[in-house]
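>>> give me a model of this one.
(one chain, ligands or ions: 1)
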Amino acid sequence: MVVPAGSDHFAVFTPYFRRWSQERLRDPLGAPRTVTVPDGVGSEPLPSRDDLSGLSAGLAAGGETEGRRRLAVWLRSGLAAYEDRQDDLAGDATSRLSPHLHFGTLSPVELVHRARRAGGPGAEAFVRQLAWRDFHRQVLAARPAAAGADYRTQHDRWRSERTAGDDIEAWKEGRTGYPIVDAAMRQLRHEGWMHNRGRLLTASFLTKTLYVDWRIGARHFLDLLVDGDLANNQLNWQWMAGTGTDTRPNRVLNPVAQAKRYDPDGTYVRRWVPELAALEGPAVHEPWKLRGLDRAALDYPDPLVELSEGLARFKRARGRD
Ligand SMILES: Cc1cc2nc3c(=O)[nH]c(=O)nc-3n(C[C@H](O)[C@H](O)[C@H](O)COP(=O)(O)OP(=O)(O)OC[C@H]3O[C@@H](n4cnc5c(N)ncnc54)[C@H](O)[C@@H]3O)c2cc1C
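Model (predicted):
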């Protein structure tokens, strides 16, 4: 573990990553021949996928064989373009290796070695993302309370289940009236996975536009994500809520601007929000601008809140107006 002078952990990613990059990386370890378990711990057969209930309908296959297959495809045909395409929501051009890293069916050490061997800007950007995973782990190891309490409090008096129950439900169901937010929330429900850009903008929407407690969003993600991981999930939520390690804690992502930038032709929204699939052009990101019969024909809600109202509420709460 890398530690800065005078503290037990790095609180900012960039200096952490600089030090992390200078460390010599050990070789991956082989699989152990045997695993010694404490006396009295029995062994149970693993259930097959068909024996499990409550799985997301579109959940990807798991296991080491599948992880290795996905890794091979990724190194061959995804990695080189990663730097340019990692935020392309519709292109789905990230590795999707997070469940394998979470369950240990792939080793992060091996991924770093193999990416570095491949080389190039895509590999560098990918290694940097893998370092975020370590960064959050070292923060949580040093501050275990950050799993449930603000890492750096902003003295928020968040809206809660009691005061914002309907808004929270609409967010979970993908019925906020903001198509890009709803698309991402529906992807989460269907696949048990969500694109990183979707995670960022849905978390910003819940905590900043709706001003709802980050723990409510983090809990929902942990309930549904196949890669749901205490360090990565809670600390990414805190990062976006502005109570974590972000050096710009009051940044707010505008869901319309994000949609136009990261889903410019609306393919991602049309894929996940069938009510909007027939809309042409930019209306897919702002259906409330449609008039008359066009609007009335859509079985799609009006926005829960005007963005300017949400922003004003957030700024007041943070004492910044
Ligand atoms: C609100 C929120 C919640 C999140 N919850 C989780 C979670 O529970 N589990 C989880 O693994 N990731 C979480 N992330 C981080 C990130 O979104 C996922 O790791 C990524 O989307 C997984 O897809 P991928 O494997 O295709 O990623 P790639 O883009 O291919 O990245 C490769 C790997 O790098 C790591 N990584 C990438 N981005 C991050 C990041 N921001 N923080 C930490 N590690 C990262 C992951 O292990 C990922 O598999 C969260 C992000 C946000 C904003």
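
>>> what about W158, how many neighbours?
The tally of other residues near W158 (other C-beta atoms under 10 Å) stands at 17. Glycine gets a C-beta too; all of them are placed from N, C-alpha and C.

>>> just the element for G198, please.
If you go by DSSP states H and E, G198 is part of helix 196-204.

>>> buried residues, that helix. List them.
For helix 196-204, the neighbour count (16 or more other C-beta atoms under 10 Å) marks R197, G198, R199, L200, L201, T202, A203, S204 as buried.

>>> is it up against the ligand anywhere?
Yes. Contact between helix 196-204 and the ligand, assessed by C-beta under 6 Å from any ligand atom, occurs at N196, R199, L200, A203.

>>> for the third one, what are its contacts?
So the one you mean is L200. Counting by C-beta atoms under 8 Å, 6 or more residues apart in numbering, L200 makes contact with M240, L253.

>>> now do the one 4 residues further on
Contacts here follow C-beta under 8 Å, 6+ apart; on that basis S204 touches M240, R251, V252, L253, P255.

>>> that one and T176: what is the separation?
Going from S204 to T176 by C-beta to C-beta, to the nearest Å gives 12 Å.

>>> then P144?
For P144, the distance to T176 equals 33 Å [C-beta to C-beta].

>>> which of those two has more neighbours?
Neighbour totals were compared for P144 and T176, and T176 leads with 25 against 12 (other C-beta under 10 Å).

>>> sec struct for the more buried one, please.
What DSSP: H, G, I helix; E, B strand; the rest coil gives for T176 is coil.

>>> quick one: it from P301, how far?
From T176 over to P301 the distance is 7 Å, taken as C-beta to C-beta.

>>> what helices or strands is the helix or strand where R70 lies leaning on?
Assessed by DSSP H and E, R70 sits inside helix 64-77. Packing partners of helix 64-77 (3 or more C-beta pairs under 8 Å, 6 or more residues apart in numbering; DSSP states H and E): helix 98-103, helix 108-118.

>>> quick one, it and helix 108-118 angle?
Between helix 64-77 and helix 108-118, the angle comes out at 20 degrees (axes from the mean of the first three to the mean of the last three C-alpha atoms, to 10 degrees).

>>> buried sites along helix 64-77?
By neighbour count on 16+ other C-beta under 10 Å, the buried set for helix 64-77 is G67, R70, L71, W74, L75.

>>> ok, residues contacting it?
Helix 64-77 is contacted by residues A60, S95, R96, L97, H100, T105, L106, L111, R114, A115, A118 when judged by C-beta under 8 Å, 6+ apart.

>>> between those residues, which sits nearest the ligand?
Nearest to the ligand among these is S95, at 3.2 Å by C-beta to the nearest ligand atom.

>>> which residues in the stretch 151-300 of the chain form helices?
161-173, 179-191, 196-204, 214-224, 230-241, 255-262, 267-272, 292-296 (DSSP state H, counting those that start in this stretch).

>>> near the ligand at all, the first one?
No. For helix 161-173 and the ligand, the contact criterion (C-beta under 6 Å from any ligand atom) is not met; the two come no nearer than 12.7 Å.
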